[in-house]
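*Asks:* Sequence below, structure please.
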Amino acid sequence: HRQSSADLAQGSRCSPLLAFRRQSELWMDPALAPPSDCASAAAPAPDVAPATEDVGDAPALAVPVAVAAFSRSWAEAPAGVRPSEGEQSLRVVSLNILADCLTRGSDRPRQGPRPCPELFKEPDVGGVAYENGVKPDGPMNFTFRCPSDLLSWKRRWPMLKKLILDQEPDVIGLQELDLARECSFSSSKPGGLLRPGAAQGLVGHGKDVLRDLEEAGFDGVLARKKGPATDGVGLFWRRSRLQGYGSSMTWTLAGSVHVAVAQRLRLLPASGGDADICFMAVCTHFKAGLTPEIENFRARQADALMRCLSSHRDVLLMADLNAHPRPCTAPPPPGKEEVVTVEPKTYQMLTKSFRSTYAEVLEKESDFTCWGGLADKECRGTFDYVLMRGSMFEPRRVLLMPPAEEVLRIPDRLPNADYPSDHFLLSADISISATPAVAAATPSSVAEEEWTVVKRQRTD
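*Replies:* Residues are numbered from 1 along each chain as shown. Below you'll find the predicted structure:
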């Protein structure tokens, strides 16, 4: 989708099994903050026979690497959108991989068919639907319907890895990347660097993700939430097409435990190309919860993120905002019976500055990107986004969500025996081109000395 047939015939496309190599340095701010609430390929994708996959330092286990054959097709941009001369295309993927600290599965026998909750019979409605429409008394239950033995990391990571790499992405944003407390990545000073090959010194799941994506040809940066939370976000780019430059950044959002990780990227010139195309890539994860109060808090997080990006003109943002783009239904507060409507303040705030790849191609956001099946309820919403800012970006096509009927045929919803997360993967092909003015000018997001480094690297 990004090269001519002549290029492909010459084998210039990067293989997903490139030899281990690192060109960039990874870093993370280990500083602590207040405690946390810790809170496919082109379709239809055929089933793949199980294979043996070696995960981490444990002995090789026979685990299935097939991903449920949800019917996922590509939607093209409106016919009036035509490619411009000299443009290149990037495939951008975003996925909440479901943090291991949240994978509490059921110990009960598998349940039979479950009908669609009344709340979700309208196609684009988001919210929380309790079984029988009744919210139980007592503490919230965050146990998934999926049996616990199907949710182990050793079983899920090979499936997640296949799901991601089958897309042949150029840029990857991962949320809920589980980074153990030992993976504070500290050095003698805050913001210590992870040196090339650092995956060998890590524990937790960050080690598996870094190692496997490095071997698949990616460089990247990680950032763990503040406080005792063990999950965080990761941003990766294919080193044969993109180059990181300058220091990566980790921003704390509105004084919370949630963070955004950002890295300036330079698109390597195509054959015969001469323009310097640079932009900022960002991955983030906002606070979870479907109440008006939490939505107001997410809006403050969005405001904080936009302040951090105020001097950056061209931005790609991969995010699990935990925010529905339309009014959604929240459970009634304690002692009340009426449901509460949550207005989409976060989405409205961000889309004043950013454009949504899915909304531009489909002329609306997806009906859902998450459909969690929990023991006593279902949570459905459009929480995940690939957003862009700047005239250099134009979305060309996006990978559609599967039909709701296919999800409803699975009693566990998500995650389930064949799909390893409660979120669907987002994938978008985005054209990127530099107008003469953009190519000739220094991006506002780049300090003069960093731009000099980029120009020197290009000359070398």
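*Asks:* helix or strand right after the longest strand seen in the chain?
*Replies:* Of all segments of type strand in the chain, defined using DSSP state E, the longest is strand 242-252. Remark: after strand 242-252, the chain's next helix or strand is strand 259-267, criterion DSSP states H and E.
*Asks:* Tell me the helix or strand right after that following strand.
*Replies:* With DSSP H and E, the next secondary element past strand 259-267 is strand 277-285.
*Asks:* For that next one, C-alpha coordinates in CSV please.
*Replies:* Taking Å, rounded to 0.1, in the frame of the first residue of the first chain, the C-alpha atoms of strand 277-285 are listed here in CSV:
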residue,chain,number,x,y,z
ILE,A,277,9.2,16.0,6.5
CYS,A,278,9.1,16.1,10.3
PHE,A,279,6.3,15.8,12.8
MET,A,280,5.6,15.0,16.4
ALA,A,281,4.1,11.6,17.3
VAL,A,282,2.3,11.2,20.7
CYS,A,283,0.7,8.3,22.5
THR,A,284,-1.5,8.8,25.6
HIS,A,285,-4.2,7.2,27.8
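*Asks:* what residue ranges in the stretch 251-400 of the chain score low on pLDDT?
*Replies:* 271-275, 334 (pLDDT under 70).
*Asks:* Mind doing that once more with 90?
*Replies:* Counting by pLDDT under 90, the stretch 251-400 of the chain shows low-confidence ranges at 269-276, 329-340.
*Asks:* In it, mark out all the strands, start to finish.
*Replies:* 259-267, 277-285, 315-320, 328-330, 340-342, 355-356, 370-374, 377-381, 384-389, 393-399 (DSSP state E, counting those that start in this stretch).
*Asks:* other SSEs contacting the second one?
*Replies:* The helices and strands touching strand 277-285, judged by 3 or more Cβ pairs under 8 Å, 6 or more residues apart in numbering; DSSP states H and E, are strand 88-96, strand 171-178, strand 231-238, strand 259-267, strand 315-320. Placement of C-beta: from N, CA and C, glycine included.
*Asks:* Could you list the buried residues of the helix or strand just after the first one?
*Replies:* Translated: strand 88-96. Counting by DSSP H and E, the element after strand 88-96 in chain order, helix or strand, is strand 127-130. For strand 127-130, burial by neighbour count (16 or more other Cβ atoms under 10 Å) applies to 127-129.
*Asks:* what's the closest of those to Gly206?
*Replies:* Of all the buried residues of strand 127-130, Val128 has the smallest distance to Gly206: 30.7 Å, by Cβ to Cβ.
*Asks:* Tell me which residues touch the closest one, please.
*Replies:* Counting by Cβ atoms under 8 Å, 6 or more residues apart in numbering, Val128 touches 290, 329-331, 377-379.
*Asks:* Who is it paired with across the strands?
*Replies:* For Val128, the beta-bridge partners are Cys379 (DSSP bridges).
*Asks:* ok, now how distant is it from Met318?
*Replies:* 25 Å (Cβ to Cβ, to the nearest Å).
*Asks:* What of Ile277?
*Replies:* 18 Å.
*Asks:* before we move on, back to that, name the helices or strands packed onto the longest strand of the chain?
*Replies:* strand 26-27, strand 218-224, strand 259-267, helix 292-308, helix 448-459.
*Asks:* that older thread, could you point out which of the helices and strands packed on strand 277-285 sits nearest Ser431?
*Replies:* strand 88-96 (5.2 Å).
*Asks:* and that closest one, average pLDDT?
*Replies:* Averaging pLDDT along strand 88-96 gives 96.
*Asks:* what packs against it?
*Replies:* Taking 3+ Cβ pairs under 8 Å, 6+ apart as contact, the helices and strands that strand 88-96 lies on are helix 153-165, strand 171-178, strand 277-285, strand 315-320, strand 384-389, strand 426-432.
*Asks:* among those, which is nearest Arg241?
*Replies:* strand 171-178 (9.0 Å).
*Asks:* Which strands or helices does the closest one pack on?
*Replies:* strand 88-96, helix 205-215, strand 218-224, strand 231-238, strand 277-285, strand 315-320.
*Asks:* Make JSON lines out of those and add distance to Val398 and mean neighbour count.
*Replies:* Putting those into JSON lines (distance: least, Cβ to Cβ, whole Å; neighbours: other Cβ atoms under 10 Å) gives the following:
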{"stretch": "strand 88-96", "distance to Val398": "10", "mean neighbour count": "24"}
{"stretch": "helix 205-215", "distance to Val398": "23", "mean neighbour count": "22"}
{"stretch": "strand 218-224", "distance to Val398": "22", "mean neighbour count": "27"}
{"stretch": "strand 231-238", "distance to Val398": "19", "mean neighbour count": "26"}
{"stretch": "strand 277-285", "distance to Val398": "18", "mean neighbour count": "26"}
{"stretch": "strand 315-320", "distance to Val398": "13", "mean neighbour count": "25"}
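*Asks:* deepest of the helices and strands packed on strand 242-252, which one?
*Replies:* Compared across the helices and strands packed on strand 242-252, strand 218-224 shows the largest average neighbour count, a mean of 27 (mean count of other Cβ atoms under 10 Å).
*Asks:* just checking, what packs against that strand?
*Replies:* Partner elements for strand 218-224 (3+ Cβ pairs under 8 Å, 6+ apart): strand 26-27, strand 171-178, helix 205-215, strand 231-238, strand 242-252, strand 259-267.
*Asks:* Ranked by average pLDDT, which of the ones you listed falls at the bottom?
*Replies:* strand 26-27 - the lowest mean pLDDT of these, at a mean of 29.
*Asks:* average model confidence for stretch 74-82?
*Replies:* Per-residue scores along stretch 74-82 average to 79.
*Asks:* quick one: Pro402 from Leu150, how far?
*Replies:* 20 Å.
*Asks:* can you check Cys308 too?
*Replies:* Distance from Cys308 to Leu150, by Cβ to Cβ: 39 Å.
*Asks:* ok, now Arg108?
*Replies:* Distance from Arg108 to Leu150, by Cβ to Cβ: 13 Å.
*Asks:* count of residues packed around Asp107?
*Replies:* By the criterion of other Cβ atoms under 10 Å, Asp107 has 9 neighbours.
*Asks:* For it, report the pLDDT, please.
*Replies:* Reported pLDDT for Asp107: 85.
*Asks:* quick one on the thing from earlier: which of the helices and strands packed on strand 277-285 sits closest to Trp371?
*Replies:* strand 88-96 (12.3 Å).
*Asks:* quick one: strands adjacent to that closest one?
*Replies:* Short version: by DSSP bridges, strand 88-96 pairs with strand 171-178 (parallel), strand 426-432 (antiparallel).
*Asks:* So what angle separates the directions of it and strand 277-285?
*Replies:* Angle, strand 88-96 to strand 277-285, by axes from the mean of the first three to the mean of the last three Cα atoms, to 10 degrees: 10 degrees.
*Asks:* No further questions, thank you.
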